[in-house]
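*Asks:* could you look at this predicted model? Sequence included:
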Amino acid sequence: MFGLLFGSFLNVCIYRLPQELSVVSPRSFCPGCKVPIAAYDNIPVLSWIILRGKCRNCGARISPRYAVVELLTGALFLLSYFAAGSIAEAVKLCVLSFLLIGLIFTDAETKLLPDLLTKPGIVLGLLFSLVVPLEGPAQFLLRATVNWRVLSLLNSLAGAILGSAFILGVALFYEALRGVEGMGRGDVKLMGMIGAFLGVKQTLLVLLLGSFIGSVFGLLLILRVWLKRLARRRQRIPAEPRRQARRRAWQSATLIYRNFEIPFGVFLGMGALLSAFWGPALVRWYFYLYR
Ligand SMILES: [Zn+2]
């Protein structure tokens, strides 16, 4: 229930934060006719189903994203409860899920990762390490007599630095190579937040998972455009040899990479959710494959 309510609030954030509007006032209104939404039409998921995804007043279409975000937040809050070993850990997983869902959907819709989510996220990640022990290199580097909270905080800090430094490094390298900005600074802050929450080991896993999911997405995207262009080419120039048609269509399809901005934050966020809930299991499964 809490997850559904927080998901409902996230929808407000996803719509308003990129436009730099207040998330507190005015109360929720229809983006179509601007009429305030009545309390009885603002029940998570249920209202969207009852109204069949349309505004009661003007009939404007309401994106299924609203119901999806609410359901997803509810599901992840429930999962946090079952996956955690303590109440503090459950709260930490809930907060991380909340921030990540907000960032994933904002990045997907607007290609923006608002500072209002990432910056407090970094601070929260560091603070949670004082309550939920985080393992990492500090354990090996310092004596066991050092207070566990200090070790945990250092591990959280190390994760944040590793995550953000890696993305910043890749971004600067890409800029030097191509002369254009390939990755926004929002991704740097996002990875800093993820690192602060998950620590060094999991941060590496997130970078790996994020790159993998992003590559699969990019390949599928090119493949889809390629098939479409190929079909159109065959229709227009039936006499063209098949091999040449395939090559030309491929050249034209790969061109979309020049202009298409891949929302990398979406994939890093998905990697972080996978890693936070199933990280250890994923690593075990991966090494099992090589036995
Ligand atoms: Zn309306």
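*Replies:* Looks like it arrived, so ask away.

*Asks:* packing partners for the helix or strand that contains residue 16?
*Replies:* Per DSSP states H and E, residue 16 falls inside helix 2-16. Applying 3 or more CB pairs under 8 Å, 6 or more residues apart in numbering; DSSP states H and E, one finds that helix 2-16 contacts helix 65-83, helix 87-110. (C-beta placed from N, C-alpha, C; glycine too.)

*Asks:* how about it as PDB, C-alpha atoms only?
*Replies:* The C-alpha trace of helix 2-16 is given here as PDB (Å, rounded to 0.1, in the frame of the first residue of the first chain):
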ATOM      1  CA  PHE A   2       2.800   2.400   0.900                       C
ATOM      2  CA  GLY A   3       4.500   1.500  -2.400                       C
ATOM      3  CA  LEU A   4       1.400   2.300  -4.400                       C
ATOM      4  CA  LEU A   5       1.100   5.700  -2.700                       C
ATOM      5  CA  PHE A   6       4.800   6.600  -3.100                       C
ATOM      6  CA  GLY A   7       4.500   5.400  -6.700                       C
ATOM      7  CA  SER A   8       1.600   7.900  -7.100                       C
ATOM      8  CA  PHE A   9       3.800  10.700  -5.800                       C
ATOM      9  CA  LEU A  10       6.600   9.500  -8.200                       C
ATOM     10  CA  ASN A  11       4.300  10.100 -11.100                       C
ATOM     11  CA  VAL A  12       4.000  13.700 -10.000                       C
ATOM     12  CA  CYS A  13       7.800  14.000  -9.800                       C
ATOM     13  CA  ILE A  14       8.300  12.400 -13.200                       C
ATOM     14  CA  TYR A  15       6.000  15.000 -14.800                       C
ATOM     15  CA  ARG A  16       7.000  18.100 -12.800                       C
END
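
*Asks:* which bits of this structure sit near the ion?
*Replies:* Counting by CB under 5 Å from the ion, the chain comes close to the ion at 30, 32, 33, 55, 57, 58, 60.

*Asks:* just the buried subset of those, written out for PyMOL, thanks.
*Replies:* Buried residues within the residues of the chain next to the ion, by 16 or more other CB atoms under 10 Å, are selected in PyMOL with:
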select buried, resi 30+55+57
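
*Asks:* so among the residues of the chain next to the ion, where is pLDDT lowest?
*Replies:* On pLDDT alone, residue 32 ranks lowest of these, at 86.

*Asks:* quick one: it is in a helix?
*Replies:* No: according to DSSP: H, G, I helix; E, B strand; the rest coil, residue 32 belongs to no helix; its state is coil.

*Asks:* show me what counts as buried in the very next helix or strand once past the helix holding residue 16.
*Replies:* Beyond helix 2-16 in the direction of the C-terminus, DSSP H and E gives the next helix or strand as helix 46-50. For helix 46-50, a neighbour-count test (16+ other CB under 10 Å) marks 47, 48 as buried.

*Asks:* for helix 46-50, packing partners?
*Replies:* Against helix 46-50 (3+ CB pairs under 8 Å, 6+ apart) you get helix 65-83.

*Asks:* what comes up buried for the helix it packs on?
*Replies:* Going by neighbour count (16+ other CB under 10 Å), the buried part of helix 65-83 is 65-74, 76-77, 79-81.

*Asks:* can you give me the mean pLDDT across that helix?
*Replies:* The average pLDDT for helix 65-83 rounds to 96.

*Asks:* so what's residue 174 closest to, chain neighbours aside?
*Replies:* By the measure of CB to CB, 6 or more residues apart in numbering, the closest residue to residue 174 outside its immediate chain neighbours is residue 182, 3.8 Å from it.

*Asks:* and that neighbour, helix, strand or coil?
*Replies:* coil.

*Asks:* that one reaches residue 176, doesn't it?
*Replies:* No: taking CB atoms under 8 Å as the definition, residue 182 is not a contact partner of residue 176, at 10.4 Å.

*Asks:* okay, the two: which has more neighbours?
*Replies:* More crowded of residue 182 and residue 176, by other CB atoms under 10 Å: residue 182, with 16 against 8.

*Asks:* residues in contact with that one?
*Replies:* When contacts are counted by CB atoms under 8 Å, 6 or more residues apart in numbering, residue 182 is found next to 170, 171, 174, 175.

*Asks:* how far does whichever strand or helix holds the third one sit from its chain's centre?
*Replies:* With the criterion set as DSSP H and E, the secondary-structure element containing residue 174 is helix 148-178. Relative to the chain's own centre, helix 148-178 is displaced by 17 Å; criterion: CA atoms, centre = their mean, to the nearest Å.

*Asks:* try stretch 65-80
*Replies:* In terms of CA atoms, centre = their mean, the centre of stretch 65-80 is found 14 Å from the chain centre.
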